[in-house]
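**Student:** Fold the stuff below for me.
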Amino acid sequence: MTKFKIIGKEWTCGNPTFYLDDYMTYEDGRWHFIICGNRFPFNSYQVGDYLEIDINRIKNLHSGSTISDTSVVRKYDSSAVVSGSSGQMSLSREQAENFADRLADRVEKSGGQYELDAYIQQGTEPHGTPYTRQGWVYKKKN
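**Tutor:** Numbering: from 1, shown residues only. As a prediction, the model looks like this:
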């Protein structure tokens, strides 16, 4: 399951459509939204909530599919999450490694109370612009 933040919400044909903070690959391309069924719990999700999405199952679906299965998409409890991002910029390998080292140091200084999911992602936007994204999510260990 991959975590995404809801950054926008609208209704499409009576179903909630959530715009996400990153792209997912569907069978018909890369998109930054997901359409869910108009039933609980999906219709209770709000902008600012985090979702866990099974991207391995999403890649076999059309982007216009309506998803009503909580094993594919569900709300992630973000009450103990602190996240950040250094934005979009070009990074050398050395800069990326330094970034990762700084994040690992923060986890170590937490005395084992927190764990870290970090990413450095490179790719090309649908319109052809290359990007590098990096970010992190700290979460309190259960």
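
**Student:** for this structure, where's the lowest mean pLDDT among helices and strands?
**Tutor:** Every helix and strand in the chain was compared by mean pLDDT, DSSP states H and E; the lowest is strand 81-88, with a mean of 46.

**Student:** Hmm, residue 49 is touching residue 77, no?
**Tutor:** No: at 9.6 Å, residue 49 does not count as touching residue 77 under the criterion of Cβ atoms under 8 Å. Glycine gets a C-beta too; all of them are placed from N, C-alpha and C.

**Student:** Between those two, point out the one with more neighbours.
**Tutor:** residue 49 (16 against 11; other Cβ atoms under 10 Å).

**Student:** Next one: the more buried one from residue 75, what distance?
**Tutor:** Counting by Cβ to Cβ, to the nearest Å, the gap from residue 49 to residue 75 is 6 Å.

**Student:** Now do the helices in this protein.
**Tutor:** 55-58, 93-109 (DSSP state H).

**Student:** pLDDT averaged over the longest one, what's the number?
**Tutor:** Yep, that's helix 93-109 we're talking about. In this model, helix 93-109 has a mean pLDDT of 70.

**Student:** go on, stretch 42-52?
**Tutor:** What stretch 42-52 shows for mean pLDDT is 91.

**Student:** outside of that stretch, which residues touch it?
**Tutor:** The contact list for stretch 42-52 (Cβ atoms under 8 Å, 6 or more residues apart in numbering) reads 1-9, 16, 18, 20, 34, 36, 67-68, 73-78, 81.

**Student:** So which of the residues you listed are in strands?
**Tutor:** Among the contacts of stretch 42-52, the members found in strands (DSSP state E) are 2-9, 16, 18, 20, 34, 36, 67, 73-76, 81.

**Student:** Please indicate which of those are buried?
**Tutor:** Taking 16 or more other Cβ atoms under 10 Å as the criterion, what is buried in the ones in strands among the contacts of stretch 42-52 is 2-6, 16, 18, 20, 34, 36, 67, 73-76, 81.

**Student:** Which member of those is positioned nearest residue 26?
**Tutor:** Using Cβ to Cβ, residue 34 comes nearest to residue 26 of those, at 9.2 Å.
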